[in-house]
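Novice: here are the coordinates; sequence isn't available:
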């Protein structure tokens, strides 16, 4: 979504919430759109929240809520697909099956895939339609039901790693994350593939700190756990986590 279009739609949510005294929502936004919407709302007095159906969601709804609404519930449903674990279905397979029904991308949140199981977060207005219309993903038969499973696929695969770096600059840290040269890291950053705390960043000299969350498109999500120690050669000891 173009920034001007996003700003207009965010402004509409705030305005309509104020006029109607009812919650107003803007459908699933990607990480960059979420960060930009937060910038637009920074000086607003509106009560707002971003949520994608679970705490670690990448794609998230924007909800703007009146003062009386203490629950701040979102119109999001979780659909669980089950199928024989012998088949390997991908994110693209599930997204294609849903969008083939005429569903717009804004109505589809995260797609989490496990062994013989996938979970998709969608706008609640289309959940029943998806369940009633899909019986196959590709050539694979699937069963669908609405409801959040006890354990979501992919959520607990967090790996803790460490490396040494010359500096806490973005290019040095990305180089460590990717296990590649700084030259390659510079290329990835300049291509706009890196987001820091959900905001796209192309400033290679940006200093990172403990707690910063970094996404490298195509490589995964990382969190800087600490950069406090020094090696015998005086290099910074970078401790970080990655969602596999």
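Specialist: Received it, and whenever you're ready, just let me know what you need. Because the structure is a prediction, the values reported are computed rather than measured.

Novice: Show me the contact partners of the lowest-mean-pLDDT helix or strand in the chain.
Specialist: Every helix and strand of the chain was ranked by mean pLDDT, DSSP states H and E. The lowest is strand 199-200, at a mean of 76. Residues from elsewhere that reach strand 199-200 (Cβ atoms under 8 Å, 6 or more residues apart in numbering): 32, 35, 36, 192, 194. Any C-beta I mention is one placed from the backbone N, CA and C, and that applies to glycine too.

Novice: can I get those residues in a markdown table with secondary structure, distance to residue 90 and pLDDT?
Specialist: Shown next, in a markdown table, are the contacts of strand 199-200 (DSSP: H, G, I helix; E, B strand; the rest coil; distance: Cβ to Cβ, whole Å; pLDDT from 0 to 100):
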| residue | secondary structure | distance to residue 90 | pLDDT |
| --- | --- | --- | --- |
| 32 | helix | 23 | 82 |
| 35 | helix | 27 | 84 |
| 36 | helix | 28 | 88 |
| 192 | coil | 24 | 84 |
| 194 | strand | 24 | 89 |
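
Novice: biggest separation within the residues you listed, which pair?
Specialist: Using Cβ to Cβ, these reach their maximum pairwise distance at 36 and 194, which is 15.7 Å.

Novice: which one of those two has more residues nearby?
Specialist: Taking other Cβ atoms under 10 Å, residue 36 and residue 194 do not tie; residue 194 has more neighbours (26 against 20).

Novice: Return the residues in contact with that one.
Specialist: 170, 174, 188, 200, 201, 202, 214, 215, 216, 217.
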